[in-house]
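Peer 1: with the sequence up front, the predicted model follows.
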Amino acid sequence: MGIFNFFKSQFIEVIEWTDQNSNTMVYRFPVQNNEIKMGASLIVRESQVAVFVNEGEIADVFTPGHHVLYTQNMPILTKLKSWKTGFNSPFKAEVYFVNTKQFINQKWGTSNPIMMRDADFGMIRLRGYGIYSYKVSDAAVFLRELFGTNSSYDTSSIENHLKKMILSGLTDLFAESQIPALDLAMYYDELSLQGREKMKERFAEFGFDITSLYIENLSLPKEVEEAMDKRTTMGVLGNMNTYTQYQAAEAIRDAARNEGGGMAATGAGIGAGAAIGNAMAGAFSANQQQTAPSAEPAKIVCPHCQAQIRATAKFCPECGNSVQKKKVPCVNCQAEINEGSKFCGECGAKQITEKKCTGCGAVNGPTAKFCGDCGEGLDG
């Protein structure tokens, strides 16, 4: 009976893996020197793939479900072992369970700053960090390229390499985008999507699919951030002269509240008051100089040489011509009006600029009584 139980224990009848560690990527089923019984049950749970390996060569891959092992559903292994039809004896093979779920919240970050050229600040050093997620999309490629013959494999085994891949791609992406440092926060989502697309091909080389990538923060060196804060403060303060006056007034108020006694305190107060008074005087005078409008005389354009001259001048100092408008008589009341006026300011009559001969069609002056070409009389 003991010998029977011994032989029975040599044959594996159920093959399955219950994942106890969420970061485990591959688990090798402990076959050791045992043999798998033909007709054994293979249980592959959701987010798992079972891979049979024969003498280091990947054979059949089983997706989630309950599988009964026969030669019919192991075509590659049957071919590799040259089994004949109806083979029913136990066999040896390595079984690997590959975890195909998403490995989320994987972190990336810059160990060294990224050198970039910026239009506002020149050369800057950029730091950043974020998270990404990935999963095994091709179990055969993953086992062939990374796993080897280990008994198990988890995310920490590949973490550093994937992080360096992401940083390399993002460094190139940031430099190509040419987005100003002040505007980077506006493009976190766009840069994250572009970074994921850029990483897909690199991850696929290891049988992975990068399912998400997020940029949580991009930061500049402390010196640059302080300069940005100062620039922001200047923009908030607005008019610096007004701010100086406010600061001087605050200083006078604080000095007036100083209750320290003694001649030394009095002298210090007088000295501080004089200094503050000078500062206020300078601030007020500077503000007045800045805000006082310049009283420049009005100017007009000379109609002859287009020079800028005073509006009260009667003759142009450049060309000497009169800049006063020529006076002509009104066609109706003979009052003097400016040449080119359309109506008379005295009688309101419309000013006729030309007379057209009804006989020959010639154009005559506004005061002509007879046509200069044919002599025909012109109507008023």
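Peer 2: Received, thanks.
Peer 1: now the spatially closest residue to Gly86 that is not a sequence neighbour: how far from Met165?
Peer 2: Computed as CB to CB, 6 or more residues apart in numbering, the closest residue to Gly86 that is not its neighbour in sequence is Thr71, at 7.7 Å. No exception for glycine: its C-beta is placed from N, CA and C like everyone else's. Counting by CB to CB, to the nearest Å, the gap from Thr71 to Met165 is 42 Å.
Peer 1: returning to what we had before: residue contacts, the residue nearest to Gly86?
Peer 2: Residues touching Thr71, when contacts are defined by CB atoms under 8 Å, 6 or more residues apart in numbering, comprise 38, 78, 83, 85-87.
Peer 1: assign a three-state SS to Tyr134, would you?
Peer 2: Applying DSSP: H, G, I helix; E, B strand; the rest coil to Tyr134 yields a three-state assignment of strand.
Peer 1: so what's it up against?
Peer 2: Counting by CB under 8 Å, 6+ apart, Tyr134 makes contact with 102-103, 106, 162, 203, 208-211.
Peer 1: return the set of residues that bridge with it.
Peer 2: Listed by DSSP bridges, the beta-bridge partners for Tyr134 are Phe103, Ile210.
Peer 1: next one, pLDDT for it please.
Peer 2: As predicted, Tyr134 sits at a pLDDT of 96.
Peer 1: what's the answer for Pro90, then?
Peer 2: Per-residue pLDDT puts Pro90 at 89.
Peer 1: next, it: phi, psi?
Peer 2: In this entry, Pro90 is assigned phi and psi values of phi -60, psi 150 (degrees, to the nearest 10).
Peer 1: so how far is Leu170 from the residue lying closest to Met165 once chain neighbours are set aside?
Peer 2: Once flanking residues are discounted, Met165 sits nearest to Arg202: 5.3 Å by CB to CB, 6+ apart. Between Arg202 and Leu170 the distance, using CB to CB, works out to 12 Å.
Peer 1: what helix or strand is Glu223 on?
Peer 2: Secondary-structure element containing Glu223, defined by DSSP states H and E: helix 222-237.
Peer 1: buried set for stretch 79-93?
Peer 2: 80-81, 83, 91, 93 (16 or more other CB atoms under 10 Å).
Peer 1: Arg202 and Leu170: which is more packed in?
Peer 2: In this view Arg202 and Leu170 are compared by other CB atoms under 10 Å, and Leu170 has more residues nearby, 25 against 15.
Peer 1: ok, that one touching Gly195?
Peer 2: Yes. In this structure Leu170 lies within contact range of Gly195 using CB atoms under 8 Å: 5.3 Å.
Peer 1: coming back round to it: narrow the contacts of Thr71 to those in strands?
Peer 2: Met38 (DSSP state E).
Peer 1: check contacts around Asn54.
Peer 2: Contacts of Asn54 by CB under 8 Å, 6+ apart are 77, 80-81, 93-94.
Peer 1: in strands, which of the residues you listed appear?
Peer 2: Using DSSP E, the members of those that fall within strands are Glu94.
Peer 1: between the contacts of Asn54, which sits nearest Ile43?
Peer 2: Within those, the smallest distance to Ile43 is 16.4 Å, found for Ala93 (CB to CB).
Peer 1: done for today, thanks.
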